[in-house]
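Q: Just need the structure, nothing else, for what follows:
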Amino acid sequence: MTESFESGSEGHEKRKQDYFSILCDIVRIDSPSGKERALSEHICSCYSNGRWQSERDGMGNIYFTPADHTWDERLPLLNAHIDTKPVFRGDRHSTTQEQQAEILKNPDFLTLKDGNVVKSEIIQAGFDDKAGVALILYLMHHTDLRFRALLTVEEEKAITGKPAYGRTGGAGIEGALKQYPAFFRSARWAITIDRQNGSDIIHEYGDDDDDRKNRDRPKIPLCSNHFVDLLEKISIEANHPMKRAEGQIGDAYNIRRAFPDLDVVNLSCGYYDDHHPEERLKIDETLSTMSVVEKCILEM
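A: Predicted coordinates for the structure are as follows:
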């Protein structure tokens, strides 16, 4: 087990390599919405140990808890989704889903070159949201932090359930909210790590009254002003200032609608051009967000 906040360039490079190893491990298993079973089973098999226990529901959502936790212990909740946007030929994609899956299996598909993540071919690796998933798995296995984690399916596209609030996806989080409410009731706060760019804090979601086509999706705050003020302060202290930004919709919205007293935000984790072959990951931004999340767990 390593210490949180490894200092110096040597510590940063080790942190990057360890995170990158996890990222490669989960990217190699293709997991378009509705077809996440192989990845869900792999994560439960390989990332559960004496310290962390996992459960899977019938949809494939994964629930991680410290092995010695009790539901009376209010812990932070971290959330990300394991599914990726399905490939649509003609939408800048030159490969089929099957071809993409074969390419991803190549152990050299992702490499670190001059500190940057490089893909061997211009296809969708699924940094949205495997960057967030890898961040959570890193914190589980390379720090001593205590939290709970929820890794959801079908965020990008609802397959087995009816999407809520006019979303095209979100069936996974809806299933988790209904099947495992204790995970949310016992949370001190929740951070979803599933936002493009490197420094955004999404603190509200929904449609404005003037342009709202879906009457079931009003704009709401995801957290209190105090919570987002504190998060901004912590991000500055972590040398990665983050700022409030606008977003369309995501799993954090469903969580807040179901539990209106729970503070929730969605944070950037360094990916860009999501859902397209040209997607890229700025891993230093990902690691900086990780440092912010670490400080939140320790201090909030």
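Q: now stretch 156-170, how far from the centre of its chain.
A: 17 Å (C-alpha atoms, centre = their mean, to the nearest Å).
Q: And the strands in the chain?
A: With DSSP state E, the ranges of strands along the chain come out as 52-56, 62-66, 75-81, 110-113, 116-119, 148-152, 187-195, 200-202, 204-205, 220-221, 243-245, 264-268, 271-272, 280-281.
Q: can those strands go into TSV with extra columns for mean neighbour count, mean pLDDT and distance to E237?
A: In this view, the C-beta of every residue, glycine as well, is placed from N, C-alpha and C. Shown next, in TSV, are those (neighbours: other C-beta atoms under 10 Å; pLDDT from 0 to 100; distance: least, C-beta to C-beta, whole Å):
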stretch	mean neighbour count	mean pLDDT	distance to E237
strand 52-56	16	96	28
strand 62-66	21	98	26
strand 75-81	25	98	17
strand 110-113	14	97	28
strand 116-119	17	97	26
strand 148-152	28	98	24
strand 187-195	24	98	16
strand 200-202	22	98	15
strand 204-205	22	96	24
strand 220-221	14	96	24
strand 243-245	14	97	15
strand 264-268	27	98	15
strand 271-272	22	98	24
strand 280-281	22	98	25
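Q: how about the ones you listed in CSV, adding distance to H142?
A: Shown next, in CSV, are the strands of the chain (distance: least, C-beta to C-beta, whole Å):
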stretch, distance to H142
strand 52-56, 12
strand 62-66, 14
strand 75-81, 14
strand 110-113, 17
strand 116-119, 18
strand 148-152, 14
strand 187-195, 16
strand 200-202, 24
strand 204-205, 31
strand 220-221, 33
strand 243-245, 27
strand 264-268, 19
strand 271-272, 21
strand 280-281, 19
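Q: and of the ones you listed, who's closest to M140?
A: strand 52-56 (5.6 Å; C-beta to C-beta).
Q: by contact count, what packs against the closest one?
A: helix 37-47, strand 62-66 (3 or more C-beta pairs under 8 Å, 6 or more residues apart in numbering; DSSP states H and E).
Q: Could you say which one of these comes nearest to A80?
A: Taking those one by one with C-beta to C-beta, strand 62-66 is closest: 10.1 Å.
Q: D18: which of the strands of the chain is closest?
A: strand 110-113 (11.6 Å).
Q: This structure: helices as residue ranges?
A: Assigned by DSSP state H, the helices in the chain fall at 8-27, 37-47, 97-104, 127-142, 171-179, 182-185, 225-237, 251-258, 283-299.
Q: Now the weakest link among those helices, please, by mean pLDDT.
A: Of all the helices of the chain, mean pLDDT reaches its minimum on helix 8-27 (a mean of 93).
Q: Packing partners of it?
A: By 3+ C-beta pairs under 8 Å, 6+ apart, helix 8-27 packs against helix 37-47, strand 110-113, helix 127-142, helix 283-299.
Q: Can you tell me which of those is most buried?
A: helix 127-142 (a mean of 25; mean count of other C-beta atoms under 10 Å).
Q: Can you verify my assumption that Q53 contacts T65?
A: Yes. Checked against C-beta atoms under 8 Å, the pair Q53 and T65 is within contact range at 5.8 Å.
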